[in-house]
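Undergrad: Okay, sequence plus prediction incoming.
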Amino acid sequence: MKVARFYAPGDIRIEDMPEPTAGPGELKLRVRNTSTCGTDLKIFRHGHHHIDPPRVIGHEIAGEVVEVGSEVNGWAAGDRVQVIAAIPCGECPECLRGWMTICPNQLSMGYHFEGGFAEYMIVPANVLKVDGVNRIPDGVSYAEASVAEPLACVLNGQELARVGDGDTVVVVGAGPIGCLHVRLARARGAENVHLVELNRGRLDMAAELVKPDAAICAAEVDPIQAVLDLTGGRGADVVITASAAGKTQEDALKMVARRGRISFFGGLPKDNPIIACDSNLVHYRELTIVGANGSSPDHNKKALELIATGAVPVADLITHHLPLEKVLEAIDVVAGGTAIKVTIEPVAG
């Protein structure tokens, strides 16, 4: 079978591997769609400390069950499934409290286990143990189902930031995650949703699809003043930083309302994670700052439901469909910012 394997920064190879066989506690999938994300680009450029190369990467996975391990119940060949990316252990104090997104023993598809940039793959027993394989609802395509994983992460972030009825929400970053945040905020009852982005072309492309109440180009205007002007000087109830830039987190403190909530959704580069935080703003305005780390198996289930009901449409956000042989082209497209979501289709159908 064909796979895309990471060997070293700048070195991803399309090559042949033996087709795997499901062990007793495993499932074997024919991979239909594995969508790309900014993390795949980071792995290509810099590697990752959890990846011991060579490794088949790709973690936004949807496919068809073709083989069921002897100890697995409830699944059969032909089932259409979506697979979680982050795998909690299910046994530590955090998991037992329901905080699976911050499991200290977390493993990941495409990092610790072979991922979805392959014609076939194994779903390990670790995933099945935490109920991390989800049936794709009727009417939801494999491509749409592959977007459930990033949507699950977005859902986790908005739950933690308590996005809800009547809120004015500012999303900073107009990539695929930012677009999902705009749509989910509306689905959760936000009254106004504004989108901030530095790149004019990327902003226009995203705004055309998700239609925020205001599209603010941070290269052309002061985004803080723009948000204050839009809110009568009050600021936003929620600011979500869906970008990997410290300045966006610093700006969030100045564009949020009193008693506002800030989601530091996008992680910062490991070599530059420190920001300037005016503690008095947090203190006197009674601000809440929350992090957001991935998603739980339950978030993935909820994300599929949001897609299936049409509450959060995703099909139009998938701007590029490419075969497995063009994984490097897909990564280039992601790097160039000329797409919203790029999906790889290892096996057509």
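TA: Looks like it arrived, so ask away. Residues are numbered from 1 along each chain as shown.
Undergrad: Please tell me how far Met205 sits from Thr338.
TA: 8 Å (Cβ to Cβ, to the nearest Å). No exception for glycine: its C-beta is placed from N, CA and C like everyone else's.
Undergrad: The two: who's more crowded?
TA: The neighbour count for Met205 versus Thr338, taken as other Cβ atoms under 10 Å, is higher for Met205 (19 against 14).
Undergrad: Let me know the distance separating the more buried one from Ile344.
TA: Taking Cβ to Cβ, one finds Met205 at 20 Å from Ile344.
Undergrad: What are the phi and psi values at Thr168?
TA: phi -100, psi 120 (degrees, to the nearest 10).
Undergrad: In contact with it, which residues?
TA: Going by Cβ atoms under 8 Å, 6 or more residues apart in numbering, Thr168 touches Ala190, Glu191, Asn192, Val193, His194, Leu230, Thr231, Ala236, Asp237, Val238, Ala257.
Undergrad: Near the closest residue to Ala187 other than its chain neighbours, how many other residues are there?
TA: Excluding its sequence neighbours, the residue lying closest to Ala187 (Cβ to Cβ, 6 or more residues apart in numbering) is Ala311, at 4.4 Å. Per other Cβ under 10 Å, the neighbour tally for Ala311 reads 13.
Undergrad: My reading is that Ala311 lies in a strand. Confirm?
TA: No. Ala311: not assigned to a strand; according to DSSP: H, G, I helix; E, B strand; the rest coil it is coil.
Undergrad: Show me what the helix or strand harbouring Val193 packs onto, helices and strands only.
TA: For Val193, the host element (DSSP states H and E) is strand 192-197. On a contact count with 3 or more Cβ pairs under 8 Å, 6 or more residues apart in numbering; DSSP states H and E, strand 192-197 meets strand 168-172, helix 176-187, helix 200-210, strand 214-217, helix 223-230.
Undergrad: Show the pLDDT at Val244.
TA: Slight slip there: residue 244 is Ala, not Val. In the predicted model, Ala244 carries a pLDDT score of 89.
Undergrad: these two touch, right, it and Phe265?
TA: No. Counting by Cβ atoms under 8 Å, Ala244 stays clear of Phe265, with 9.8 Å between them.
Undergrad: more neighbours, these two?
TA: Phe265 (30 against 17).
Undergrad: Now do the same contact list for that one.
TA: Applying Cβ under 8 Å, 6+ apart, we find Phe265 in contact with Val154, Gly157, Ile177, His181, Ile240, Thr241, Ala242, Ala292.
Undergrad: got a list of what the closest residue to Arg234 other than its chain neighbours touches?
TA: Counting by Cβ to Cβ, 6+ apart, Arg234 lies nearest to Ala257, which is 4.9 Å off, once chain neighbours are set aside. Applying Cβ under 8 Å, 6+ apart to Ala257 gives the contacts Thr168, Thr231, Arg234, Gly235, Ala236, Asp237, Arg285.
Undergrad: Could you report the neighbour count for the fourth one?
TA: Read it as Gly235. 23.
Undergrad: go on, the last one?
TA: Each residue near Arg285 was counted by other Cβ under 10 Å, and the total is 15.
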